[in-house]
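Visitor: quick one, fold the following:
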Amino acid sequence: MNSMVIQKTKSPFRTRTRVLHNTAALLGGRGISIVLSGGASVILARYLGSEKLGEFGAIYAYAALFGWLATFGIDAIMAREASIDREHAAIILRTGTKLCLMFAAGATILSLVIAPFVGYKGRLYPLLILAVMEMLLLSPLRLPGVVFQVDLKQWYSAGINLFRQFLWLLLVVVLAWFQAALITVVVWRFVVAALEAILIWSISRRFLSRLPEVGTNRARYYLASAAPMAFSSLLASIYMRVDQVMLHSMVNDSILGQYVVAVRVSELFELLPAALIASLVPMLSRSAKDPVIFRTYLDRTFRYFLILACAICVAITTGAAFIIKLLYGRQFAAATPLLSVLIWSEAAMFFGAVVINAMVATNLQRYLLVPTAAGALSNVALNLYLIPRYAALGAAWATLISYSLAWFIVLLAFRQTRPLVLQGLRWAIPVFALAVAAIWITMFLPGPPILKLTAGVCLYLAGLAVTRLFGRDDIVYAWAAFAHRSVGS
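Guide: Purely as a prediction, here's the structure:
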């Protein structure tokens, strides 16, 4: 009897420990991945130059617009369903993979048919075929990797991703050394992506093959649940990638190349919310029926995400000129003001990552169409107005405004989603105020850019300590979970 009581008492530590260990592994992997990916991006940009980099960015931005159809939102639904019904995870994921295969084939064909009518023809078309195959046709092979997320064993996905990034960096070095043509770069990127997808497929099947082949075909239910996610992803892809497509069509690829550099730097940090939230999805899904526990998990998640997001914004904003010059050289100096604006859209991405997964966990994904629709429509409208007037800087401001509107404001209009957003805004407002204050103070400090970067970060961290937005209790929380490692074993 006593042992049963002890086990029940310790089970929260086991859950927390597994989540934090998994998150630590993911963050470590993503941290290294950011370095590898950033290194590849820098080498690629320096040797391709602004115009070729613009072409490179344009084809992948176009392919990303069809990513919603390739998966149809099935991946998020599979993660939720498999977390809730772990016993039948095998049949759930296999059903999802079959559905994804059909949608991926359709998305590939549709994207290639439309491409010539929106300016992707001539020498760009063969490049686009490879980009579309990589981003769309390989999706079904990646879907079974959801089992790593469900079992809180995402060091597998982190390890595979690191292998891909390391291999890609080596190839980019070789390609730059031989001054390879752009099509050669795209071909090898496809080969590396295909190898990653095959590894995910083969390793994940080891876990799924041991599970019972029972259950009913719930394909219609999965499609109905995934539909809001799919159309939300469509709209999200519009406001995340349409700016590059519009710059390609309305301005030129040389200016687009400057914009792509700023986007590459800011998007490096999008790996972090994906890594952090991935470990929390099963936990949020399981605790959704207990409002007190769910709110506790969500509250801490919002706070940590926003603190990290604003730390990144402070560092990049105060050090944009130094970072661009150090990484990409003087030829991409025009990317500096673009980066200073674009990086703040990542704060909305961090916030949105929490909101999206909280909504999926509580079966409110039908409302995801609203913020993504608002973001997509406002982004296109703002780009149409701002790009002819301010070129790439106009696109950067359009991105920031539309992201902020989508995730900080729109969902406040609905009674069901308002509590989630208000819970996040409770932390967003003071953390943002602290970040802006730190940046404002550094504007008046003399000295080189690296000194301002250091001062801005130090001011922000000091502010967190003084306001107790992050303090000793948070350190103790993490330490307590890791200290109970033996309990989870």
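
Visitor: now the residue nearest the centre of the chain, nearest residue through space, not along the chain?
Guide: Nearest to the geometric centre of the chain sits Glu270, at 4.1 Å (C-alpha atoms, centre = their mean). Using C-beta to C-beta, 6 or more residues apart in numbering and skipping residues adjacent in sequence, the residue nearest Glu270 is Met349, 5.8 Å away. The way it works is simple: take the backbone N, C-alpha and C, and place the C-beta from them, glycine included.

Visitor: which element is the one you found on?
Guide: Take DSSP states H and E as the rule and Met349 turns out to sit in helix 345-361.

Visitor: which residues does Gly329 contact?
Guide: Applying C-beta atoms under 8 Å, 6 or more residues apart in numbering, we find Gly329 in contact with Arg46.

Visitor: quick check: next helix or strand after the helix holding Met349?
Guide: Assignment by DSSP H and E places the next element after helix 345-361 at helix 369-404.

Visitor: how big is the angle separating whichever helix or strand comes after that next one from helix 345-361?
Guide: Sequence-wise, the next helix or strand downstream of helix 369-404 (DSSP H and E) is helix 418-442. Per axes from the mean of the first three to the mean of the last three C-alpha atoms, to 10 degrees, the angle that helix 418-442 makes with helix 345-361 is 160 degrees.

Visitor: which helices and strands sit right next to helix 418-442?
Guide: Packing partners of helix 418-442 (3 or more C-beta pairs under 8 Å, 6 or more residues apart in numbering; DSSP states H and E): helix 291-328, helix 345-361, helix 449-467.

Visitor: where does the stretch 351-489 of the chain have low pLDDT?
Guide: 477-489 (pLDDT under 70).

Visitor: what angle do helix 369-404 and the helix holding Met349 make with each other?
Guide: Using the same axes, to 10 degrees: helix 345-361 against helix 369-404 is 160 degrees.

Visitor: shouldn't Leu382 be in contact with Ala398?
Guide: Yes. If you go by C-beta atoms under 8 Å, Leu382 and Ala398 touch, sitting 3.6 Å apart.

Visitor: then the helix or strand encompassing Ile160 to PDB, C-alphas only?
Guide: Using DSSP H and E, Ile160 sits within helix 155-177. Extracted in PDB, the C-alpha atoms of helix 155-177 (Å, rounded to 0.1, in the frame of the first residue of the first chain):
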ATOM      1  CA  TRP A 155      16.200  12.600 -29.500                       C
ATOM      2  CA  TYR A 156      15.700  10.300 -32.500                       C
ATOM      3  CA  SER A 157      14.200  13.100 -34.600                       C
ATOM      4  CA  ALA A 158      16.800  15.500 -33.200                       C
ATOM      5  CA  GLY A 159      19.600  13.100 -34.100                       C
ATOM      6  CA  ILE A 160      18.300  12.500 -37.600                       C
ATOM      7  CA  ASN A 161      18.000  16.200 -38.100                       C
ATOM      8  CA  LEU A 162      21.500  16.800 -36.900                       C
ATOM      9  CA  PHE A 163      22.800  14.200 -39.400                       C
ATOM     10  CA  ARG A 164      21.000  16.000 -42.200                       C
ATOM     11  CA  GLN A 165      22.300  19.400 -41.200                       C
ATOM     12  CA  PHE A 166      25.800  18.200 -40.800                       C
ATOM     13  CA  LEU A 167      25.800  16.400 -44.200                       C
ATOM     14  CA  TRP A 168      24.200  19.500 -45.900                       C
ATOM     15  CA  LEU A 169      26.900  21.800 -44.400                       C
ATOM     16  CA  LEU A 170      29.700  19.500 -45.700                       C
ATOM     17  CA  LEU A 171      28.000  19.500 -49.200                       C
ATOM     18  CA  VAL A 172      27.600  23.300 -49.200                       C
ATOM     19  CA  VAL A 173      31.300  23.700 -48.400                       C
ATOM     20  CA  VAL A 174      32.200  21.400 -51.300                       C
ATOM     21  CA  LEU A 175      29.700  23.100 -53.700                       C
ATOM     22  CA  ALA A 176      31.000  26.500 -52.800                       C
ATOM     23  CA  TRP A 177      34.600  25.300 -53.300                       C
END
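
Visitor: pLDDT on that helix, on average?
Guide: Averaging pLDDT along helix 155-177 yields 89.

Visitor: which secondary structure elements does it sit against?
Guide: For helix 155-177, the packing partners by 3+ C-beta pairs under 8 Å, 6+ apart come out as helix 2-64, helix 146-150, helix 182-208.

Visitor: buried ones in it?
Guide: Neighbour counts over helix 155-177 (16 or more other C-beta atoms under 10 Å) mark 155-158, 160-162, 164-169, 171-172, 175-176 as buried.

Visitor: kindly report the same for stretch 239-257.
Guide: Buried positions in stretch 239-257, judged by neighbour count with 16+ other C-beta under 10 Å: 239-248, 251, 253, 255-257.

Visitor: now that stretch - C-alpha only, CSV.
Guide: C-alpha atoms of stretch 239-257 as CSV (Å, rounded to 0.1, in the frame of the first residue of the first chain):
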residue,chain,number,x,y,z
TYR,A,239,1.5,35.0,-44.7
MET,A,240,4.8,33.3,-44.1
ARG,A,241,6.0,32.8,-47.7
VAL,A,242,3.9,35.0,-50.0
ASP,A,243,6.1,38.0,-49.3
GLN,A,244,9.1,36.3,-51.1
VAL,A,245,6.9,35.2,-54.0
MET,A,246,5.6,38.8,-54.3
LEU,A,247,9.1,40.3,-54.1
HIS,A,248,10.2,37.9,-56.9
SER,A,249,7.3,39.0,-59.1
MET,A,250,7.0,42.7,-58.2
VAL,A,251,10.6,43.8,-57.7
ASN,A,252,13.6,41.6,-58.6
ASP,A,253,15.6,38.7,-57.3
SER,A,254,18.6,40.8,-56.3
ILE,A,255,16.5,42.7,-53.7
LEU,A,256,14.8,39.4,-52.8
GLY,A,257,18.2,38.0,-52.0
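
Visitor: contacting residues for Phe72?
Guide: By C-beta under 8 Å, 6+ apart, Phe72 lies in contact with Leu99, Cys100, Phe103, Leu223, Ala226, Ala227, Met229, Ala230.

Visitor: next, give phi and psi for it.
Guide: Per-residue torsions, Phe72: phi 50, psi 30 (degrees, to the nearest 10).

Visitor: per-residue pLDDT, it?
Guide: Looking at Phe72, the pLDDT reads 79.

Visitor: would you mind measuring from it to Ala107?
Guide: Distance of Phe72 to Ala107, given as C-beta to C-beta, to the nearest Å: 9 Å.

Visitor: you'd agree Val380 is up against Met240?
Guide: No. The criterion here is C-beta under 8 Å, and Val380 misses it with Met240 at 11.9 Å.
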